[in-house]
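Engineer: Got a predicted structure here, sequence first:
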Amino acid sequence: MVSRIVLVWLLATLGLAGGLPGGAAGQGSAPTATLADGRVGQIHFESRTPAGYFALARREASPTAVVVGTLRLPPKDAPPRDAKDAAARVPAMVIAHGSAGVDVREMGWADRLGSLGLATFVVDSFTPRNVRETATDQARIDGDRIGVIGFSKGGQVALYTALEPFRRAIIDDDRRFAAHVALYPYCSDWYSAAHVTGAPLLFLLGGRDDYTPAEACRGYAEWFKTAGAETTVVTYASSYHDFDAERSPRYERALVTGRGCDMAVDLDQFTVARRGTGEDITASAGQYGRNCLSRGATIGGDAEARRRAPEDVAAFLRRVLKPETH
């Protein structure tokens with residue numbers, strides 16, 4: 001049964017990543033209680049919307065919303081297998097969207113991952129909450145081999161779900177994601193804890209990214225490595241943010257970027273400091289977080305990165321999740 005293995009706490013993190021409203025949004029569909037009947041397609045489930053990251057780590061009560069994701073199993077070109085047989089179960093990837101919500105990118109990656117023999121669950125955290133974007137303002141699935149991949153804001157989700165305080169905030173036992181893949185995530189502010197889940201991480205970064213700069217992500221990757229997580233970083237030197245997109249790079253003046261921020265957020269002590277100076281800014285973190293923002297960045301695709309990224313993700317997931325190729 002997969003319905004509560006990882007999906008609920010993933011969406012809790014997605015919910016607060018953009019300061020989304022909670023409440024009754026999306027309550028028109030009842031949450032799916034179980035995937036034991038083999039259902040695929042749209043799956044509704046309840047998601048928490050904490051007031052902030054500390055509120056999530058403290059397990060404070062928070063509003064809920066029913067959100068939705070699209071579950072696909074890999075293509076069936078082999079005879080049906082016994083769903084009770086652990087060897088018949090397939091690994092899966094949860095796909096976390098970016099600031100623009102679910103788009104052709106997420107579905108395109110679902111197709112690519114499906115071709116590797118992976119089930120996919122494309123989560124839509126925005127539409128059920130009546131959010132358009134935030135950039136400008138199962139029985140056949142192996143519960144031990146579920147990974148998460150995310151893009152930009154979704155890349156934050158892919159990274160933050162490797163932090164034990166967030167995992168423990170939702171899951172009471174030892175279940176965890178088995179792999180974390182982050183494409184051009186935001187890394188200027190580092191969320192840290194004494195313990196990480198230990199699952200392998202893959203960072204895919206744009207060398208020319210001026211929206212979520214690669215340098216900060218390389219530093220954050222080093223932190224994860226010292227914390228005990230196997231961490232791989234790939235940088236596509238000539239690419240910008242959103243490098244897997246088909247559209248050409250363009251400068252977007254309205255985009256809000258935190259490239260000038262450098263907060264170190266301790267999820268165990270609930271403190272915030274400046275990474276560069278060590279200054280404790282816990283009391284004024286909100287104000288600092290607003291003041292360090294700026295506008296304008298270049299986003300768009302790069303042919304070389306667009307070709308290499310699926311290959312690098314496939315190599316990582318084949319090694320970590322070991323899907324069967326159909």
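Structural biologist: Arrived safely, thanks for sending. Numbers count the residues shown, from 1 in each chain.

Engineer: Residue 56 should be in a helix, yeah?
Structural biologist: Yes. The assignment for residue 56 by DSSP: H, G, I helix; E, B strand; the rest coil puts it in a helix.

Engineer: If I look at it, what pLDDT would I see?
Structural biologist: pLDDT recorded at residue 56 is 71.

Engineer: And the one 3 residues further on, by the same measure?
Structural biologist: According to the predicted model, the pLDDT of residue 59 comes to 71.

Engineer: How about the contacts made by it?
Structural biologist: 168-169 (C-beta atoms under 8 Å, 6 or more residues apart in numbering). The way it works is simple: take the backbone N, C-alpha and C, and place the C-beta from them, glycine included.

Engineer: Is it correct that it falls within a strand?
Structural biologist: No. Assigned with three-state DSSP, residue 59 falls outside any strand and is coil.

Engineer: where does the chain dip in pLDDT?
Structural biologist: Where the chain drops to pLDDT under 70, the residues are 1-28, 32-34, 46-52, 62-63, 76-88, 98-102, 125-140, 325-326.

Engineer: counting contacts, what elements does the biggest helix by length in the chain pack onto?
Structural biologist: The longest helix of the chain (DSSP state H) is helix 303-320. Judged by 3 or more C-beta pairs under 8 Å, 6 or more residues apart in numbering; DSSP states H and E, the packing partners of helix 303-320 are helix 104-115, strand 141-151, strand 179-183, strand 201-206, strand 231-236.

Engineer: what helices or strands is the shortest one leaning on?
Structural biologist: Other elements packing on strand 179-183 under the criterion 3+ C-beta pairs under 8 Å, 6+ apart are strand 141-151, helix 153-160, strand 201-206, helix 303-320.

Engineer: Excluding covalently adjacent residues, which one is nearest to residue 310?
Structural biologist: Computed as C-beta to C-beta, 6 or more residues apart in numbering, the closest residue to residue 310 that is not its neighbour in sequence is residue 112, at 5.1 Å.

Engineer: re the thing from before, measure how the longest helix of the chain sits relative to strand 179-183, angle-wise.
Structural biologist: 170 degrees (axes from the mean of the first three to the mean of the last three C-alpha atoms, to 10 degrees).

Engineer: CA atoms only for helix 303-320 - export them in CSV, please.
Structural biologist: Written as CSV, here are the backbone C-alpha positions of helix 303-320 (Å, rounded to 0.1, in the frame of the first residue of the first chain):
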residue,chain,number,x,y,z
ALA,A,303,20.1,21.7,-26.2
GLU,A,304,23.1,20.0,-24.6
ALA,A,305,21.6,20.0,-21.1
ARG,A,306,18.2,18.9,-22.5
ARG,A,307,20.0,15.9,-24.0
ARG,A,308,22.3,15.1,-21.1
ALA,A,309,19.9,15.6,-18.1
PRO,A,310,17.6,12.6,-18.9
GLU,A,311,20.7,10.4,-19.4
ASP,A,312,22.2,11.5,-16.1
VAL,A,313,18.9,11.0,-14.3
ALA,A,314,18.5,7.5,-15.9
ALA,A,315,22.0,6.4,-14.9
PHE,A,316,21.4,7.6,-11.3
LEU,A,317,18.0,5.9,-10.9
ARG,A,318,19.2,2.6,-12.6
ARG,A,319,21.9,2.4,-10.0
VAL,A,320,19.9,3.5,-7.0
